[in-house]
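In: Sharing a sequence plus its predicted fold:
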Amino acid sequence: MGRVEATRDLLVGEMQGYKSNRNPQTRRILLLLSLSVFLQGRPALSQTTEIETNQKGPPNYGSPDVAGSKGEPSLDLGSQATQDERYQKVLADYRAGKLEQAVHELRALDSAAARNALGVVLETMSDHRGALAAFQEALALQPDFPGAAYNEAKLLMREGRNWAAISQLQSALDRHRGRDDTTFSLQMLLVEAYAAVGQPKRAAEILEALLAEKPDSAEVHFCRAMNYGSLDSFDAAVREYREGLRLKPHDSAGLMGLAKALLKLTKTSDATPCLEEYVRLKPNDAEGFYVLGCAWRDAGRSVLAGCSTQPGRLRHQVPFRKNVVANRSLKRLSRILKPPSG
């Protein structure tokens with residue numbers, strides 16, 4: 001099953017579950033799941049694709065001998081010339097897709113930075129068990145290594161071990177008490193973990209403190225908006241999304257979040273421009289067409305007519321296959337969202 005089709009089916013299933021379930025707690029959980037799908041498209045510190053960018057972790061490593069003169073992690077191999085040579089070899093292998101060779105080179109290195117980089121490469125290869133072991137080895141070598149702690153916690157969350165991730169993040173924050181970008185990154189991941197275990201109030205407390213420190217952070221406002229959404233406080237969510245978009249205009253994930261919150265408030269006419277802008281920014285994303293179909297449906301427009309007549313300014317940018325997928329999604333949507341009889 002392709003990625004677009006899988007995303008479509010997941011969203012359809014979530015919509016069915018949300019609309020058919022009358023239990024408020026279950027509806028809240030389903031909404032959180034939907035928000036987690038939405039977040040997957042957002043750029044995240046743990047999703048960097050190059051190991052030289054702080055090896056996926058927060059920007060500071062807590063030890064002066066870990067970062068090189070250019071901000072690159074040192075492999076701690078003795079002479080600077082040897083360090084640079086070995087690091088550049090690993091980096092070249094990684095960029096060339098020679099992941100097995102990069103793993104071989106990194107396994108020969110016995111430093112916290114090298115073990116963390118090994119975990120990054122193994123995670124890229126979908127070897128989650130090996131990656132987790134590598135991050136743990138990095139922390140054993142350097143317990144105050146926030147980059148490795150962040151990466152381990154993120155991987156634990158991907159495996160559904162959210163409480164273990166919370167414990168890891170709290171320990172890392174206890175060791176690193178500074179008010180810098182490292183602390184911010186760890187706290188933001190902790191917010192995500194608390195939301196995942198159904199504790200939005202605890203997440204809200206952390207976000208409140210972060211907002212006091214970083215009032216102009218669009219990321220904090222977006223996270224506060226999602227947290228309000230998990231509590232069914234959609235008016236507050238809309239305010240936070242709008243503030244985030246004021247600080248970071250044309251953020252595609254923020255636009256989608258705002259549109260979904262407005263749809264929950266049945267403010268379809270306000271949501272539609274957000275969705276049209278989202279589709280303009282991400283013309284190959286079937287989810288955008290899917291949710292735009294929701295808006296058209298709520299506005300009383302024919303879903304299929306909307307898709308075929310909504311102009312070439314959207315359709316011409318989408319490859320034929322993607323447009324077919326969008327049409328199929330909207331057809332299915334029209335069956336799911338039929339008004340209840342009687």
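Out: Arrived safely, thanks for sending.
In: any low-confidence regions in the stretch 151-300 of the chain?
Out: Segments of the stretch 151-300 of the chain classed as low confidence (criterion: pLDDT under 70) are 179, 300.
In: That one: strands as residue ranges?
Out: Assigned by DSSP state E, counting those that start in this stretch, the strands in the stretch 151-300 of the chain number zero.
In: quick one: the helices in it?
Out: Along the stretch 151-300 of the chain, the segments classed as helices by DSSP state H, counting those that start in this stretch run 162-175, 181-196, 200-213, 218-230, 234-247, 252-264, 268-281, 286-298.
In: which regions of the stretch 1-150 of the chain sit below the pLDDT cut-off?
Out: Applying pLDDT under 70 to the stretch 1-150 of the chain flags residues 1-84.
In: my guess is Arg202 meets Glu192, correct?
Out: No - under the criterion of Cβ atoms under 8 Å, Arg202 makes no contact with Glu192, lying 11.8 Å away. (Glycine included, C-beta is placed from N, CA and C.)
In: The two - which one has more neighbours?
Out: A direct count of neighbours by other Cβ atoms under 10 Å for Arg202 and Glu192 places Glu192 higher, at 23 against 17.
In: burial measure for the residue nearest to the more buried one when sequence neighbours are not counted, as a count.
Out: With Cβ to Cβ, 6 or more residues apart in numbering as the measure, Met157 is the residue that lies nearest to Glu192, at 7.1 Å, once sequence neighbours are left out. Close neighbours of Met157, defined as other Cβ under 10 Å, add up to 22.
In: Repeat that for Asp110.
Out: Other residues within reach of Asp110, judged by other Cβ under 10 Å, total 12.
In: mind putting the helices of the stretch 151-300 of the chain in TSV, distance to Thr124 included?
Out: Output for these, formatted as TSV (distance: least, Cβ to Cβ, whole Å):
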stretch	distance to Thr124
helix 162-175	20
helix 181-196	19
helix 200-213	29
helix 218-230	24
helix 234-247	30
helix 252-264	23
helix 268-281	27
helix 286-298	25
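In: Enumerate every residue touching the closest residue in space to Thr272 that isn't next to it in sequence.
Out: Closest residue to Thr272 in three dimensions, ignoring its sequence neighbours and counting by Cβ to Cβ, 6+ apart: Ala295, at 4.7 Å. By Cβ atoms under 8 Å, 6 or more residues apart in numbering, the contact set of Ala295 is Ala259, Leu263, Thr268, Ala271, Thr272, Leu275.
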